[in-house]
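Engineer: What would the 3D arrangement of this be:
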Amino acid sequence: MAALRGTSSCGPLSFSAEELTRTTRGSPKTDGKRWQSKTKCCALGRTCGARQLCRDSQPSLAHFLKPESLPKTHRKLEMPPIKNGRVLFNETPTDHPVPGRTTVYDGSQTIDPDMVPLNGGFLVKTLVVSIEPLILRKMNLLYVIGQPISNFGVGVVLRSEDSAFKPGDHVYSGDILFQEYFVATDTSLFQVLENKQNLPWSVYVGVCGMPGQTAHHGWREFAHAPKGKVAFVSSGAGPVEATVIQLAKQDGLKVIASAGSDEKVEFVKSLGADVAFNYKKEQIADVLQREGPTDIYWDNVGGETLEAAINAAAIGGRFIECGMVSGYNKETPYPVKNLMLIVVKELQILGFLSSSLQTKHLANFYREIPPAVARGEIKYFEDRRLGLENVGETILDMLTGQIKGKSVIVVSQK
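Structural biologist: Just a heads-up that it's a prediction; the model follows:
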């Protein structure tokens with residue numbers, strides 16, 4: 001039988017796997033466990049052997065058998081539990097969420113990655129999670145007080161009891177917990193990412209993830225605009241809208257885009273928008289009257305912006321409705337007063353959920369968008385913040401317009 005070698009304060013060790021098996025509890029053939037073997041060592045330098053391996057909690061002198069000195073089948077031995085930080089939902093907000101009150105970071109939990117039961121699922125190490133307006137809706141409809149929040153994210157599989165998911169696979173889901181490690185049991189909610197272009201994993205919660213899919217699916221399904229037509233995109237610096245601007249320009253449209261700061265206006269211009277303006281400094285109605293009429297309106301704002309867009313719309317204009325963030329968590333959203341013009345102008349109001357268009361458009365999305373991002377044909381910008389401790393502040397910054405581009409929390413860089 002081949003000898004195993006380790007190191008100690010007495011020098012190198014050499015002993016057989018058979019001896020190692022006889023002198024420890026359990027067997028090194030158990031791949032699901034990791035151990036740290038300790039042995040008392042003579043201060044005078046007497047040779048230590050495998051028969052002196054012990055479970056002493058405080059040996060006078062000790063050496064440690066390193067996993068890399070074992071055969072591969074013996075390397076997963078005992079490992080002490082590690083921190084498993086998470087973000088808990090603490091209370092339902094009445095307006096904007098309050099960091100430290102609406103959500104709370106909890107760093108008190110631990111997990112043993114080698115021993116946690118999988119129950120037919122797989123163990124995920126969370127890499128990145130997405131911060132977006134959808135989280136505010138989930139706070140009112142889905143999240144459970146005292147439980148970790150969840151959203152779109154990317155993780156890596158560490159262990160698996162599901163043959164469709166292998167250790168080392170990177171997975172994408174809208175149900176990634178804001179937790180460093182978790183066991184996924186409803187595996188139907190996860191997909192394995194290929195990442196043939198070797199893009200940063202964070203783009204798969206942005207331009208190559210749900211925001212990009214929303215832009216791609218909605219535009220391809222509903223725009224149908226010939227070259228030379230005019231599109232208005234509200235909140236143009238957001239991750240969905242930034243992608244829409246670029247798709248519209250690729251199709252040969254004139255693009256008008258609004259943004260909430262001068263810095264964001266410059267960003268929107270860099271994406272190719274023909275007209276970009278700060279809606280806090282210029283009236284939307286004035287800009288649209290000057291630059292319109294508009295044939296397509298991409299709406300994620302609603303409220304007064306929607307009202308202005310209806311007034312400026314061309315006959316038969318299309319309104320692609322993917323959200324109305326101005327009304328989220330408002331007891332009385334802004335009452336749009338010119339809805340009769342929908343009839344008079346024969347406007348098409350096209351509301352949609354990205355998930356409803358996945359079957360038709362998702363395969364084309366992955367064929368089209370990640371390669372375009374890799375070639376630099378689709379631009380993106382990320383606001384990256386490190387650590388789950390920053391989730392509360394980041395959600396608030398996103399909702400109050402302090403973030404340019406896609407908001408991402410990097411949970412692990414390994």
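Engineer: Output stretch 138-153 as CSV, restricted to C-alpha atoms.
Structural biologist: These are the backbone C-alpha positions of stretch 138-153, laid out as CSV (Å, rounded to 0.1, in the frame of the first residue of the first chain):
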residue,chain,number,x,y,z
LYS,A,138,-41.0,41.7,-3.5
MET,A,139,-40.9,43.5,-0.1
ASN,A,140,-44.6,44.0,-0.3
LEU,A,141,-45.6,40.7,-1.9
LEU,A,142,-43.1,37.9,-1.4
TYR,A,143,-40.5,38.3,1.3
VAL,A,144,-41.1,36.7,4.7
ILE,A,145,-40.1,38.7,7.8
GLY,A,146,-37.1,37.0,9.5
GLN,A,147,-36.0,35.2,6.4
PRO,A,148,-33.2,36.0,3.9
ILE,A,149,-34.3,38.1,0.9
SER,A,150,-33.6,36.8,-2.6
ASN,A,151,-33.3,38.1,-6.1
PHE,A,152,-31.5,37.4,-9.4
GLY,A,153,-27.9,36.3,-8.9
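Engineer: which residues touch that stretch?
Structural biologist: With contact meaning C-beta atoms under 8 Å, 6 or more residues apart in numbering, stretch 138-153 is reached by 86-93, 97, 102-103, 126-132, 134-135, 172-179, 182, 205, 209-210, 329, 391, 411. No exception for glycine: its C-beta is placed from N, CA and C like everyone else's.
Engineer: just checking, which of these belong to strands?
Structural biologist: Assigned to strands by DSSP state E, the following of the contacts of stretch 138-153 qualify: 86-89, 103, 126-131, 172-177, 182.
Engineer: any low-confidence regions in this protein?
Structural biologist: Counting by pLDDT under 70, the ranges of the chain that qualify are 1-79, 329.
Engineer: Domain ranges for it, per the record?
Structural biologist: 3-74, 82-206+384-410, 212-356 (automatic domain parsing).
Engineer: Would you convert the ones you listed into CSV that also reports distance to Ala374?
Structural biologist: Putting the domains of the chain into CSV (distance: least, C-beta to C-beta, whole Å) gives the following:
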stretch, distance to Ala374
domain 3-74, 35
domain 82-206+384-410, 4
domain 212-356, 13
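Engineer: about what we covered before: give me the buried entries from the contacts of stretch 138-153.
Structural biologist: 86-90, 93, 97, 102-103, 126-132, 134-135, 172-174, 176-179, 182, 205, 209-210, 329, 391, 411 (16 or more other C-beta atoms under 10 Å).
Engineer: Would you confirm that Ala276 belongs to a strand?
Structural biologist: Yes - membership of Ala276 in a strand is supported by DSSP: H, G, I helix; E, B strand; the rest coil.
Engineer: Near it, how many other residues are there?
Structural biologist: 25 (other C-beta atoms under 10 Å).
Engineer: Hmm, Ser270 and it touching each other?
Structural biologist: No - Ala276 lies out of contact with Ser270 (C-beta atoms under 8 Å); the separation is 9.3 Å.
Engineer: Test my guess that Ile176 contacts Val124.
Structural biologist: Yes - applying C-beta under 8 Å as the test, Ile176 and Val124 come out as touching, 7.4 Å apart.
Engineer: quick one: common contacting residues for those two?
Structural biologist: Here Ile176 and Val124 share the contacting residues Gly155, scored by C-beta under 8 Å, 6+ apart.
Engineer: just to revisit the earlier point, so which of the domains of the chain is nearest Ile378?
Structural biologist: Ile378 lies closest to domain 212-356 among the domains of the chain, at 5.6 Å (C-beta to C-beta).
Engineer: okay, how far is it across that closest one, tip to tip?
Structural biologist: Using C-alpha to C-alpha, to the nearest Å, the end-to-end distance of domain 212-356 comes out at 15 Å.
Engineer: repeat for stretch 126-146
Structural biologist: With C-alpha to C-alpha, one end of stretch 126-146 sits 20 Å from the other.
Engineer: and that stretch, how far out from the chain's middle?
Structural biologist: Centroid separation for stretch 126-146 versus its chain: 11 Å, with C-alpha atoms, centre = their mean, to the nearest Å.
Engineer: Touching, Tyr279 and Ala259? I think so.
Structural biologist: Yes - here Tyr279 reaches Ala259: they are 7.2 Å apart, a contact under C-beta under 8 Å.
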